[in-house]
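# Generate a structure from the sequence data that follows.
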Amino acid sequence: MKRSTLVAIAAFVVLLVAALWVTSQSPERGIARFAFEVPKDRVDRLVFAGKNPAELKKDGAVWKLAGGRLADAAAVTRLVDALTSLKSSDQLTADSARFAEYDLDADKGTKVTAYAGSSKVAELTVGKPVSGGVAMLVDGKVFKVGGTSPGIFAKPAGGWIEHRLLDDKLDDATRLDVKLAGAAPWALVKNNGAWVLEDPKALPPGFRYDPEAARSLVSTLVTLRARDFEDKDPGADATGLGDAADTLTITFTPAPPGSKDEAAPVKPAAEPKKDAPPPVTRTLRLGKPKGDAKDAYARLDGRDDVFTVFEATARALRKTPVDLRDLKLMAFEPPRAQKLAVTDGQLSLTFAKKDGAWQLVASSEPKPAGFELDPSAVDRKVMAVAQARAVRIADAKDRAQTGLEAPTARVTVTLEGGATASLLFGNEIKDGQGEVVFARGSVDAEPYLVSKWIKQNLTSGLASFKKSEGWNGGGGGMPNIDPKALSSLPPDVRESLMKQLAQKQREQQMLKQIEAQAGKAPAAPVKK
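Residues are numbered from 1 along each chain as shown. Sure thing, here's the model as predicted:
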């Protein structure tokens, strides 16, 4: 046999032995890859060490923190599910000197250990994100693990707390009793699915009651989430959660098993069904502001912990009957609009329907280059005027400065038959809702406050009516809006406006059909 052949055979044998040695190594020992076999239903303890130390234990069907607080079940489930799917064959390093490079040292890493009874079923340290995954330390080796994120495993201790306070169903709520300091107690009851005042006499004559505002109050309470939990009760003097606290007591009357009723009756039947669960009540106490943040201290009766809720949330809960006013400003049907006039300072625009299509009749500003009117933009503007809502009615102390006797801006819609509906804008001020503008609509003669964005959107210039492709083009788009104006609004006001915009988009899709149906109907009267 030739020498070269012998050398080749020897080299092949060496390579074969090396390959057999590498492939013989057990992957479960973490040499080249790792995967945990976690019995999800049996995991009953999770221990976190490092920068975010914590411990979670399963107590029956619920998870709790070591101090006894209820844990966020969804967050725990995500973590346990993630442990079963962690797999990696991409080893980054086994050099302990490089662990800090991946935030896997004692100062930055979060060590997670899962137990099923006394058995340890998983142990790893979570580091920082890396390209294509997350750095994790398992059995002394650093792996890149894809399909997950550090936030599933590493949270501040407070991040594991269940912040939702009630697990009752909104549909089961049947009554809300409100007692605010310095005000007469009042109650809402659900009647045929709608929330109404138990005593309508609590409202002044001619008051425009809004059942949706009542439902929003109930929903805010049922879905309430704590902003933060106090490590220790500061005491009633500091929190204001004693007998003088504002209270909201909600009653839940679950429907009997198998019942298809959407709403429980306001008053119990003379002979309750034997299988009907008993009513359940929950009482929330709202106290003093906490520090400069003005978040309100709060507590649920039956629980020992004190928590805080956002100032805006506390304000949304501290309602009196007159706060349930219908804040819609206009009363006309958009499909009957025949003319739209917008004035704001030097700006003056007039649009009119001719042969069923919107046309630009007059403009105080020159047309932008390439301007082509988008008729659907006029439809959207008319719809936006019809849907305009106030933030609140003007207080008595504010009424001397409305400026509505000489409006700074005006939007007028002329309807079939010649009736008009105008929305007037007055002076701008700042209050707890941000920058607001006095306004008066066609629904009544009261002065209201609207967000500054409402005025800006309804009195925008000719460019906002230009036909364009994409978001604002076509018949199904949204009104032209200024994102900067939206970002400056308070969160609750911004959320309300975005909901209104989404509703307008849905309504726009039906507008043509409504116009066709309404074209032959007699004109509806308009309040002036």
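# Start and end of stretch 140-158, how far apart?
Stretch 140-158 stretches 29 Å from its first residue to its last (C-alpha to C-alpha, to the nearest Å).
# mind listing what's buried in that stretch?
By 16 or more other C-beta atoms under 10 Å, the buried positions in stretch 140-158 come out as K141, V142, F143, K144, V145, T148, P150, I152, F153, A154, K155, A157. Yep, even glycine has a C-beta here, placed from its N, CA and C like the rest.
# show me the contacts for the closest residue to the first one other than its chain neighbours.
Okay, so that is K141. Once flanking residues are discounted, K141 sits nearest to A94: 4.6 Å by C-beta to C-beta, 6 or more residues apart in numbering. By C-beta atoms under 8 Å, 6 or more residues apart in numbering, the residues touching A94 are G140, K141, V142.
# With K430 as the reference, measure out to Y297.
To K430, Y297 is 27 Å away according to C-beta to C-beta, to the nearest Å.
# and these two? which has more neighbours close in?
Higher neighbour count among Y297 and K430: Y297, with 24 against 9, using other C-beta atoms under 10 Å.
# in the sheet, who's paired with that one?
T308 (DSSP bridges).
# Hmm, it is touching G287, no?
Yes: here Y297 lies in contact with G287, judged by C-beta atoms under 8 Å, at a distance of 3.9 Å.
# Please list the members of the contacts of A94 that lie in strands.
Counting by DSSP state E, these place K141, V142 in strands.
# which one of the contacts of A94 sits closest to K452?
Using C-beta to C-beta, V142 comes nearest to K452 of the contacts of A94, at 52.7 Å.
# helix/strand/coil for the residue nearest to the closest one when sequence neighbours are not counted?
Excluding the flanking residues, the one nearest V142 by C-beta to C-beta, 6+ apart is L92, at 4.4 Å. Secondary structure state of L92, per DSSP: H, G, I helix; E, B strand; the rest coil, is strand.
# Also P277?
P277 - assigned by three-state DSSP - is coil.
# Report the contact partners of L197.
W186, A187, L188, V189, L203, Y209, A214, P321, L324.
# rewinding a little: out of the contacts of A94, which one sits closest to A71?
V142 (29.1 Å).
# Please determine how far the closest one is located from D105.
11 Å.
# Also E212?
Distance from E212 to D105, by C-beta to C-beta: 54 Å.
# Next: K381.
59 Å.
# what pLDDT does S259 get?
pLDDT for S259: 57.
# now swap in K467 and tell me
pLDDT recorded at K467 is 87.
# Hmm, K353 and K339 touching each other?
Yes: between K339 and K353 there is a contact at 7.2 Å, judged by C-beta under 8 Å.
# circling back: could you give the number of residues near the residue nearest to V142?
Residues near L92, counting by other C-beta under 10 Å: 20.
# Name the residues contacting each of Y297 and G287.
T239, G240, L241.
# Show me which of those residues is closest to L462.
G240 (53.4 Å).
# how near is that closest one to R285?
9 Å.
# and what of P279?
From P279 to R285 the distance is 20 Å (C-beta to C-beta).
# what about the stretch 351-500 of the chain, any weak spots by pLDDT?
433, 469-500 (pLDDT under 70).
# rerun at 90
367-370, 395-398, 430-434, 467-500 (pLDDT under 90).
# which residue ranges form the helices in it?
Counting by DSSP state H, counting those that start in this stretch, the stretch 351-500 of the chain has helices at residues 375-387, 452-458, 483-487, 491-518.
# quick one: contacts for the closest residue in space to L324 that isn't next to it in sequence?
Nearest non-adjacent residue to L324, counting by C-beta to C-beta, 6+ apart: A213, 4.5 Å away. Residues in contact with A213 (C-beta under 8 Å, 6+ apart) are D323, L324, R325, D326, L327.
# helix or strand for A213, which one?
Assigning secondary structure by DSSP states H and E places A213 in helix 211-222.
# and the next element down the chain from that helix?
strand 228-229.
# what's that following strand packed up against?
The contact analysis (3 or more C-beta pairs under 8 Å, 6 or more residues apart in numbering; DSSP states H and E) places strand 228-229 against strand 307-309.
# can you pull the contacts of K467?
Per C-beta under 8 Å, 6+ apart, neighbours of K467: E372, L373, D374, A377, G473.
# go again using 10 Å as the cut-off
By C-beta atoms under 10 Å, 6 or more residues apart in numbering, the contact set of K467 is G370, F371, E372, L373, D374, P375, S376, A377, G473, G474.
# Which ones among these lie within strands?
Per DSSP E, the contacts of K467 never map to strands.
# Show me how to select, in ChimeraX, the buried members of those.
Buried residues within the contacts of K467, by 16+ other C-beta under 10 Å, are selected in ChimeraX with:
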select :373,374,375,376,377
